[in-house]
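1. Model the following, please.
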Amino acid sequence: MPRFRSLDRKRTLRFAPRWSADIRDWSNGAYTNTINGTSAANVFTVGLGGINNQVRLDMQTITLPAAFQSQVLTDVLFVDSRAGGVVDDGTMYTPLPNGFQRVFLTDLTVLPNPLH
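-> Next up, the predicted model:
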């Protein structure tokens, strides 16, 4: 879950991505394989397709509240504290072993205004 924080530490935004809407796994396998196409969009796919033969990279768009417009963004913290299956409401369960991280970041762009 990304957390954004301003320089004065007075403004914090916690973004809780939803499975099959905002995020999915990297492999076209047995786990979640869909995204919503608005807050998340596919930017790279390679492989022959089919189960476990295709991998992808998605882009998330997170719009910060107006209160951040006049602030200096100092931190983007990714907290990945759960793994396992998906329950009905889209939240994850089963804690990860210490030090295990599933999130990887290839790029981060911060724009003064949303593109849409």
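
2. which residues touch the closest residue to residue 47 other than its chain neighbours?
-> By the measure of C-beta to C-beta, 6 or more residues apart in numbering, the closest residue to residue 47 outside its immediate chain neighbours is residue 54, 3.6 Å from it. Bear in mind the C-beta positions are built from the backbone N, C-alpha and C, glycine included. The neighbours of residue 54, taking C-beta atoms under 8 Å, 6 or more residues apart in numbering as the test, are 27, 28, 45, 46, 47, 48.

3. Show the buried residues in those.
-> Buried residues within the contacts of residue 54, counting neighbours by 16 or more other C-beta atoms under 10 Å: residue 28.

4. all strands for this structure, in order.
-> For the chain, applying DSSP state E gives strands covering 2-6, 12-14, 40-47, 54-60, 73-78.

5. Pairing partners for the first one, with directions?
-> Taking DSSP bridges as the criterion, strand 2-6 sits next to strand 12-14 (antiparallel), strand 73-78 (antiparallel) in its sheet.

6. Taking strand 54-60 as reference, get the angle to that strand.
-> With axes from the mean of the first three to the mean of the last three C-alpha atoms, to 10 degrees defining the directions, strand 2-6 sits at 30 degrees from strand 54-60.

7. Can I get strand 2-6 as CSV, trimmed to CA atoms?
-> Once side chains and other backbone atoms are set aside, the C-alpha atoms of strand 2-6 remain, and they are given as CSV (Å, rounded to 0.1, in the frame of the first residue of the first chain):
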residue,chain,number,x,y,z
PRO,A,2,1.7,3.3,-1.0
ARG,A,3,1.7,6.1,1.5
PHE,A,4,2.5,9.6,0.4
ARG,A,5,3.8,12.3,2.9
SER,A,6,4.5,16.0,2.6
